[in-house]
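Trainee: Provide a 3D model corresponding to the input given below.
(2 chains)
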2 protein chains.
Amino acid sequence: MMKDLPLSKVYQLLEPGPVVLLTTARQGRANVMTMSWHMMVEFNPPLVACVVSSADYSFAALRATKECVIAVPSLELAPKVVGIGNCSGRDVEKFARFNLTPMPAERVAPPLVAECFANLECKVVDTRLVNKYSLFVLEVLKAWTDPAKKNRKTIHHQGYGKFAVDGEVITLKSRMP
Amino acid sequence: MMKDLPLSKVYQLLEPGPVVLLTTARQGRANVMTMSWHMMVEFNPPLVACVVSSADYSFAALRATKECVIAVPSLELAPKVVGIGNCSGRDVEKFARFNLTPMPAERVAPPLVAECFANLECKVVDTRLVNKYSLFVLEVLKAWTDPAKKNRKTIHHQGYGKFAVDGEVITLKSRMP
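Mentor: Model (predicted):
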């Protein structure tokens, strides 16, 4: 069960730099890729920048449809996350291959990933840096979290399949959101 | 002592999403801010995108001088990182206040931060998204690491002073760099 997440809290998911999945859909076919090159750009409405290489099969779908879902996996999904990154939607039906469950999104055609603890429905709002850097600016239209998924340790890629897993959480007195 | 880091390895520092410091220098005065909105854009030469809000004192210096240093702090510096984020260079000489050591960079005017385990000398290479999103594209000209700093646990901001510290490191078989 996915629950509504206020858009004003989206940055708390992406600012820490977790590896994420990105789904697209084109001509009725959904695909999913692994992504680590993303950042927050604005709090609310949440804007996100990301790089989807023109070598990625997802690039053409994202550019043409201007829609995607960013899904945030936790540690348990790490082997699937890496497997998804190791193959291409050109050759593989990834949802089937990795036994992931596509769920209908509310505002966009690409599916949510039911196994992820958060899903962000996004549309492309700025393409000025796409040709030169494959850099898309997205607006998050709708955000979901799964309250049943309590273990939300995310993974952070350090290169060549090495990932730091979220460890201890510390809290310091901050005036920043 | 800072040691040369090959530019091709820079992404391994930033892709995991650590909170970083960003130094600027203008009219002989250095400043430092805390930043979590950054991502890799290209491997080599390394390009980095970041958001420096126009409300930040560093914004004007970065836009005018087109130079900065991204310094990567580890867990030990967390209290200083938060303190730096809680005040402005308008009011405070931050290097002095937080007892941080500015070191001359090789290619840019802003200083390295000696206490950080890695420092990246950067110049601004694209400003097309600055007016609308305060989004700068940087090229890393020179990268340094301090081999003496072995404990490289970084911190990942989750909002309001809450940080996930790097925990266990796992390695999965990946075909991706």
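
Trainee: Helix or strand for the closest residue to chain B within chain A, just tell me which one.
Mentor: For chain A, the residue closest to chain B is A:Gly17, as judged by CB to the nearest CB, at 1.1 Å. To be clear about C-beta, it is placed using only N, CA and C from the backbone, and glycine gets the same treatment. In this structure, A:Gly17 sits in neither a helix nor a strand according to DSSP states H and E.

Trainee: right, and it touches B:Gly17 too?
Mentor: Yes: with contacts counted by CB atoms under 8 Å, A:Gly17 reaches B:Gly17, the gap being 1.1 Å.

Trainee: so who does the residue of chain A closest to chain B touch?
Mentor: Remark: with contacts taken as CB atoms under 8 Å, 6 or more residues apart in numbering or on different chains, A:Gly17 is in contact with A:36, A:156, B:15-18, B:156.

Trainee: With pLDDT added, can I get the residues you listed in CSV?
Mentor: Output for the contacts of A:Gly17, formatted as CSV (pLDDT from 0 to 100):
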residue, pLDDT
A:Ser36, 97
A:His156, 98
B:Glu15, 96
B:Pro16, 97
B:Gly17, 98
B:Pro18, 98
B:His156, 98
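
Trainee: and stretch A:21-36, how far from the chain's centre?
Mentor: 10 Å (CA atoms, centre = their mean, to the nearest Å).

Trainee: first to last residue in that stretch, what's the distance?
Mentor: 9 Å (CA to CA, to the nearest Å).

Trainee: near chain B at all, it?
Mentor: Yes: residues of stretch A:21-36 contacting chain B under CB under 8 Å from any CB of the partner chain: A:34, A:36.

Trainee: Give me the buried positions along that stretch.
Mentor: A:21-26, A:30-36 (16 or more other CB atoms under 10 Å in any protein chain shown).

Trainee: Which pair of these spans the longest distance?
Mentor: Using CB to CB, the buried residues of stretch A:21-36 reach their maximum pairwise distance at A:Arg26 and A:Ser36, which is 22.9 Å.

Trainee: Is A:Asn31 located within a helix, as I assumed?
Mentor: No: using DSSP: H, G, I helix; E, B strand; the rest coil, the assignment for A:Asn31 is strand, not a helix.

Trainee: so what's the closest residue to it other than its chain neighbours scoring on pLDDT?
Mentor: Computed as CB to CB, 6 or more residues apart in numbering or on different chains, the closest residue to A:Asn31 that is not its neighbour in sequence is A:Gly89, at 3.7 Å. A:Gly89 carries a pLDDT value of 96.

Trainee: hang on, A:Gly89 in a helix?
Mentor: No: according to three-state DSSP, the state of A:Gly89 is coil, so it is not within a helix.

Trainee: Would you mind listing where chain A has pLDDT under the threshold?
Mentor: Chain A contains no residues with pLDDT under 70.

Trainee: Spatially central, which residue of chain A would that be?
Mentor: Closest to where the C-alpha atoms of chain A average out (CA atoms, centre = their mean) is A:Ile70, at 2.5 Å.

Trainee: the helices in chain A, which residues?
Mentor: A:11-14, A:57-65, A:78-85, A:94-97, A:130-133 (DSSP state H).

Trainee: most neighbours per residue, which of these?
Mentor: helix A:11-14 (a mean of 23; mean count of other CB atoms under 10 Å in any protein chain shown).

Trainee: does it come close to chain B?
Mentor: Yes: using CB under 8 Å from any CB, helix A:11-14 reaches chain B at A:11-12.

Trainee: Sounds good, over and out.
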